[in-house]
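Participant: quick one, fold the following:
(2 chains)
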Amino acid sequence: MGSRYDAIVIGGGHNGLVNAAYLARAGKKVLVLERRHVLGGAAVTEEVFPGFKFSVCSYVVSLLRPEIIRELDLPRHGLEILPLDGTFTPMPNGDHLWRVNDHGKTVRELRRHSKLDAEAYEEFGQAMVQMCRFVKPILSMTPPDPTSLDPRGLMKLLFLGRRFQALSGQDKYNQVQLMTMSAIDFLDQWFETDVLKATMSASGIIGTFLGVRSPGTAYVLLHHYMGEIDGAFRSWGFARGGTGAISNAIADAAREAGVEIRTRSPIARILVKGGKATGVALQNGDELYADVLSSSVDPNNTFLKMIEAGNLPDEFLEEVRRYKFRGSSGKVNLALEALPDFKCLPGPGAHLRGAISISPSVEYMERAYDDAKYGQFSRRPYIDMVIPSLTDPSVAPPGKHVLSCFVQYAPYKLKEGPQDWDRQKEAFGDTVIDTIAEYAPNIKSIIRHRQVVTPLDLEREWGLSEGNIFQGELSLEQLFFLRPVPGWAQYRTPVKNLYMCGSATHPGGGIMGANGRIAALEILKDWAKGAI
Amino acid sequence: MATPRDVVIIGGGHNGLVTAFYLARAGRKPLVLERRPVVGGAAITDDLHPGFKCSTLAPLAGPLRADVARDLRLERHGLQVVTPEARAFAPAPDGRALVLYGDPGRTAQGIAAFSRKDAEKYPEFHRALGRIASVLADLESLIPPSVDAPSGGDLWGLLKAGRKFRALGKKDMFRLLRWGPMAVADLVAEWFETELLRGTLAGRGIFGSFLGPWSAGTGAALLLRAAAEGGDAAGGVTFVRGGMGALTQAMASAARQAGAEIRTGAEVARVGVKDGAATGVVLASGEEIPARAVISNADPRRTLLTLVDPVHLQPDFRTKLQHYRSVGYVAKVNLALSGLPSFTALKETGGARGAGALAGRIHIGPEIDYLERAFDDAKYGDFSKRPYLDATIPSLSDPSLAPSGQHVMSICAQFAPFRLKTGDWSGRREELGDTVVKTLAAYAPDLPGRILKRQVITPRDLEDTYALTGGHIYHGELALDQLFTMRPLLGWARYATPVKGLYLCGSGTHPGVGVTGASGANAAREILKTLR
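Facilitator: Purely as a prediction, here's the structure:
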């Protein structure tokens, strides 16, 4: 005989925790079950090497919804976001591009590269803010079902249509372009400086298996532009104590609301009886029962691994199998004795405090993608580096530093098969170091420890199928009312009382928490209707 | 000063002729001005070699939209079309080949030699594509609605399309929504496991575009093409007896009979504009032809950026049009052959099948990766080392094109960038010809020995000789951001332009796919509403 809960949340990632917190605040008795020894899922801080704390997976934050910060009172629970100022792109010719939050400075810097671009930058920023304003409410909305005649769904579509109509002609034009174009085609219209376009386009491909010239990548560019901290658009930051501190703050808020959280509690399967989810069986044999199950793990894990065959319609399973993960990135985390020294801008300085982007040209980005298309990691990858220890000394021993490198492309499906990642892992790490060394030659001599995280590691250790950091590609056919699968974008599933609340649902990945929150609101709605 | 003409149509391409016909039928007095010595634009027949006639550019009719064919009664003007039973012949490097027929059952039999599973799925794919294509075909004949202030008629049209969409049923509705933004490589992989079949079907998603099969949105191109061709999974093949020139000659004859006047050798140098309204045209010879309305069959950029003085347009509009993407990547190679080339793949399966199998399109692009690599080369500014080829041997269906026992072969080669990174087309034209012949020779080794005459037409030639700005065969990319209400620009998709009395009717307007007459017919319908 096990215990009984109102709701059990599968997975203690940031979305699972947000989901649990909102359910508990509505008076429900909630249990969160996390497979690993730490909470946070991919939003986690781990002391990988003594004294060096890494945001092992997700490393910057900007998308966390302000309503969640407010409603869960996260600052009181220890959340503190430190600003990440600017993006520095070293170039092979000894030049660099350094954009910072100070608009005037950035414009002066751009003028060095192109007067026209300096002028366009201002206008571009304003246009993007307009686009973000338009898209923002969509992030907090349950997607309507366009194939149903449900009046509420139709109202939502009408609402979107009206909002679109209310945009100015120029904004409409920008908006449809953003939704349909490639990042490069879009940026080509604004800018001429190659390194600027390359660096900006990079945010359009993160977490997708697309190149910067593929239509649909302009939208992801916006997704990343949406970052807001304290209401300011386009600012990214670190959480003090690493990304895991965000999860810990949410967990703290959840516990305060009465949520029980268990780590080291891997689930063997979801119990289904008569088409209804009734509880979970843990791998240790325990069975726990609840009225509602809310899964924050991805659809592959939820529906193909945790539910016994026969409990789901074939057509649904077919759609789930079709859902694309295709992880395309890896991480290299370095414990450093000293700071990297860039040839093009030697010595320490503010340029090391922001993001450092290895994206010297559009062609570079494209060639990085070409390697991946044919099943190998990029010989010269796109790398997004940050040194959080410069802003938050608590994550490294005094005088030492941590360097976190997000690397794309690292395709899960290698030509030799995903399992070959274990063999290619160190070669991948070497490639990343070699690439950095072309711009900062001292890197090799200052590395004390190195951790390489491959897509296969992300799958095995963090439960992200095929190593996709967003629990499924952010491609147009997997967004909004098509996420994760057509007809099931409203957080419900074909199994009664089983819900989805992870990044595989609308509005997708990144540390947003929106998924967990909207799912909780939907669950509570069903509860109020007596449907549970 | 001469009395103003009623309507002047710039360009006697197939759409210009269709527009002329409909205007004349409605009692207007259109004058068509064609700069070349013959009408037809890109739908023409020339003598390739003594005794050999060839459709110099477009090899196949769209086919014509049914209502256009009916209204123009082209068979009375001598039009004869031939549709061979074999639609596509796709040889693979291993000596095997796939033949797609009009009859899906027969196609499936052939597929069974590769995969039983695929053979079972093909008829279902064929039917699903057909259903979805028929909804899109309705959209193709719709005047794109006004985005800012949709009229009653607009809403009615959309409602009708919406009802047809709903009648598809949930499964097909979601298919339509998902397939559009997908990469065609993903789309075909969802259905089939045979690489050769995947490559053959995916070809139709990238034809004419600067996109590889892994680019998102190529699914939409496949659907649009299917919609224009009647929804056949094997693709439509409509030859015109006497070559494509016979089609446009028949159209010219129909237009004249309806009351249109056609002048060849009359190049328009500019469109006269006064007080924001078109006043007529000025020919290159200096002759002025005043007119109450001017309709341009030329592409949007040529019409509005070259023929109209910049002072008459808002800078913002011009900028947007400059960003309208119309850089072409298709080259044409025409061959006069002393005999039918022997394809290795056909020898093995018996010669009797030979000629029959070759009667449709010959698809060289045996794998998705092959097609993608062809695209890769072009991304970096070179033509494909191993190009994707879409060839036909029209003389198999129409012996009048070549002396007995001899043949003409018409090859569309992709990707050949308008602008080469190294060298220019005048110096590298024959190198492209050699590459195309060598590529074909890998499948038909005796081909090089049978060539009596070779003609290579690069995208540069398409601009220089045929006035297709940027050398784009469709007057602009058929990409998600340049379709329907966005073709050519959002807010200007209803055949009108910012210059009062100046209209567009060419492929750069909705729907713009192939030689279907759809753009011309839609334009005429809309223009007749506003002309007084």
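Participant: let's see the distance spanning stretch A:499-518 from one end to the other.
Facilitator: 11 Å (CA to CA, to the nearest Å).
Participant: could you give the average pLDDT over it?
Facilitator: Averaged over stretch A:499-518, pLDDT sits at 95.
Participant: that stretch close to chain B?
Facilitator: No: figure legend: stretch A:499-518 not in contact with chain B (CB under 8 Å from any CB of the partner chain); closest approach 14.2 Å. Where you see a C-beta, it was placed from the backbone N, CA and C, and this is true even at glycine.
Participant: low pLDDT regions in chain A?
Facilitator: A:1-2, A:223-225, A:227-235 (pLDDT under 70).
Participant: how about the residues of it near chain B?
Facilitator: Applying CB under 8 Å from any CB, one finds that chain A approaches chain B through A:146-147, A:165, A:169-170, A:172-173, A:176-177, A:179-182, A:185, A:188-189, A:210-211, A:213-217, A:315, A:322, A:324, A:363, A:366, A:370, A:373-374, A:475-477, A:481-482, A:486-487.
Participant: buried subset of those?
Facilitator: Buried members of these, counted by 16 or more other CB atoms under 10 Å in any protein chain shown: A:146-147, A:172-173, A:176-177, A:179-182, A:185, A:188-189, A:210-211, A:213-217, A:322, A:324, A:366, A:370, A:373, A:475-477, A:481-482, A:486-487.
Participant: in helices, which of these appear?
Facilitator: Counting by DSSP state H, these place A:172-173, A:176-177, A:179-180, A:185, A:188, A:217, A:322, A:366, A:370, A:373 in helices.
Participant: ok, so of those residues, who is nearest chain B?
Facilitator: Nearest to chain B among those: residue A:180, at 3.7 Å, using CB to the nearest CB.
Participant: ok, now which ones touch that closest one?
Facilitator: Contacts of residue A:180 were listed using CB atoms under 8 Å, 6 or more residues apart in numbering or on different chains, and they are A:215, A:216, A:218, B:217, B:479, B:480, B:481, B:486.
Participant: show me what contacts the nearest residue to residue B:10 once chain neighbours are set aside?
Facilitator: Excluding its sequence neighbours, the residue lying closest to residue B:10 (CB to CB, 6 or more residues apart in numbering or on different chains) is residue B:296, at 4.4 Å. For residue B:296, the contacting residues are B:9, B:10, B:11, B:271, B:302, B:303, B:307, B:502, B:503, B:504, B:505, B:506, by CB under 8 Å, 6+ apart.
Participant: rerun at 7 Å
Facilitator: B:10, B:11, B:303, B:502, B:503, B:504, B:505, B:506 (CB atoms under 7 Å, 6 or more residues apart in numbering or on different chains).
Participant: neighbours of the nearest residue in space to the second one that is not next to it in sequence, how many?
Facilitator: Right, the one you point to is residue B:11. The shortest distance from residue B:11 to any non-neighbouring residue, by CB to CB, 6+ apart, is to residue B:297 (3.4 Å). The tally of other residues near residue B:297 (other CB atoms under 10 Å in any protein chain shown) stands at 32.
Participant: residue B:390 now?
Facilitator: Using other CB under 10 Å, residue B:390 has 24 neighbouring residues.
Participant: same question for residue B:9.
Facilitator: By the criterion of other CB under 10 Å, residue B:9 has 34 neighbours.
Participant: packing partners of the helix or strand hosting it?
Facilitator: Using DSSP states H and E, residue B:9 sits within strand B:5-10. Judged by 3 or more CB pairs under 7 Å, 6 or more residues apart in numbering or on different chains; DSSP states H and E, the packing partners of strand B:5-10 are helix B:14-25, strand B:30-33, strand B:277-283, strand B:288-296.
Participant: just the element for residue 270, please.
Facilitator: Since you didn't name a chain, this refers to chain A. strand A:267-273.
Participant: other chain: chain B
Facilitator: Since the elements are taken from DSSP H and E, residue B:270 ends up inside strand B:268-274.
Participant: could you point out the longest helix of the chain?
Facilitator: You didn't say which chain, so I picked chain A. Max-length helix for chain A by DSSP H is helix A:115-139.
Participant: you answered for a different chain; I wanted chain B.
Facilitator: Per DSSP H, chain B has its longest helix at helix B:116-140.
Participant: where does the closest residue to residue A:315 other than its chain neighbours fall, phi/psi-wise?
Facilitator: Using CB to CB, 6+ apart and skipping the chain neighbours, the partner closest in space to residue A:315 is residue B:171 (7.8 Å). Backbone torsions for residue B:171, taken as degrees, to the nearest 10, come to phi -60, psi -50.
Participant: ok, then the element right after the helix or strand of chain B with the lowest mean pLDDT?
Facilitator: Every helix and strand of chain B was ranked by mean pLDDT, DSSP states H and E. The lowest is helix B:352-357, at a mean of 69. The element immediately downstream of helix B:352-357 (helix or strand, assigned by DSSP H and E) is strand B:361-364.
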